[in-house]
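K.L.:
Coordinates for the following, if possible.
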Amino acid sequence: AKKMDEENDAYLSLLQDREWRLSNFYSIRNKDAKLVLFKKNSAQKDFEEHMHTRNIILKSRQLGFTTLEAVTMLDDALFNENYMGLLIAQDMDVARDIFKNKVELAWNNFPLKEHYPVDANSARQLTFDFGDGTSSTFVIDSSGRAGTFSRVHITEFGAVAKKFPEKAKEILEGTIPAVPITGRVDVESTAQGSEGLFYDM
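P.N.:
Below you'll find the model as predicted:
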C-alpha cells in the first residue's frame, strides 16, 4: 500500500508538470501522416522560452506553430479551471481543419479522457466540466467573439487583413482588448508582403 501511495504521489507530481504532460499526453500526425506523441521542435522551444504575454510570430512554413498553439491551448483548457481559449483561423475551412486534425485528434487520443465530462456538441468547441461548478472552453473559429479570453491565438493574420479587412479590424478592436494583460495573445502569420496590418505590427 505504501508503494502504491508513493507511485500515486509521483504520478500526481508529474501531472503538475506542463512540459511532461505536453511530451506524454498529446498525439499529432507527423509529416508521414503517422500518429506520434507531440514533441516540441527547436523553433517551438525557442518561442516558448522567449515569449511574452503579447507575441508576434513572423513564421515560415512547416515550423508547427499552429500545432504548438492547438496542443498547448488544449492542455491549458484541461488543466486550468475557468479558462477560455480562442484560436482564430483565416477562414471557416481552415478552422474546421485545425479543429478536426489537431485539436480533436489530440483530445480523442488523450489518455485521461474518461476523467473529463465534456460538452462537444458545439461545432469546433470543447467545454470541460470540472465537477465543482467550474469549466473551461477551447474554441476554434474564423473570427473573434464577445467575451473575456484567457488566451487568443490568431493564425495567418496577414491573410485575414488582406482578404477580410473588417474581420481584421474586429480582431484588433474587439478580440485582442478582451484578453486581460495577465492573459496571452499570439498573432502569427507569414509575411504577406511589405504592407498591411500585420506588416505594421
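K.L.:
isn't there a strand covering residue 36?
P.N.:
Yes: counting by DSSP: H, G, I helix; E, B strand; the rest coil, residue 36 is found in a strand.
K.L.:
In contact with it: list those residues for me.
P.N.:
27-30 (Cβ atoms under 8 Å, 6 or more residues apart in numbering). Every C-beta, even on glycine, is put in place using the N, C-alpha and C of the backbone.
K.L.:
what's around residue 24, how many residues?
P.N.:
Applying other Cβ atoms under 10 Å, we find 14 other residues in the vicinity of residue 24.
K.L.:
Who are the contact partners of it?
P.N.:
With Cβ under 8 Å, 6+ apart, residue 24 has these contacts: residue 37.
K.L.:
Distance of it relative to residue 167?
P.N.:
Distance, residue 24 to residue 167, using Cβ to Cβ, to the nearest Å: 37 Å.
K.L.:
So, low pLDDT: which residues of the protein?
P.N.:
1-9, 145-146 (pLDDT under 70).
K.L.:
now the helices: where do they sit in it?
P.N.:
2-15, 18-24, 42-50, 65-79, 92-98, 105-108, 157-163, 165-170, 197-200 (DSSP state H).
K.L.:
I'd guessed residue 72 sits against residue 22; true?
P.N.:
Yes: applying Cβ atoms under 8 Å, one finds residue 72 in contact with residue 22, separated by 6.8 Å.
K.L.:
Bridged to residue 36, which residues?
P.N.:
Residue 36 forms beta bridges with residue 28, as assigned by DSSP bridges.
K.L.:
now what about stretch 51-62, what contacts it?
P.N.:
Counting by Cβ under 8 Å, 6+ apart, residues outside stretch 51-62 touching it are 47, 65, 181-191, 201.
K.L.:
List the buried residues of that stretch.
P.N.:
Using 16 or more other Cβ atoms under 10 Å as the test for burial, stretch 51-62 gives 57, 59.
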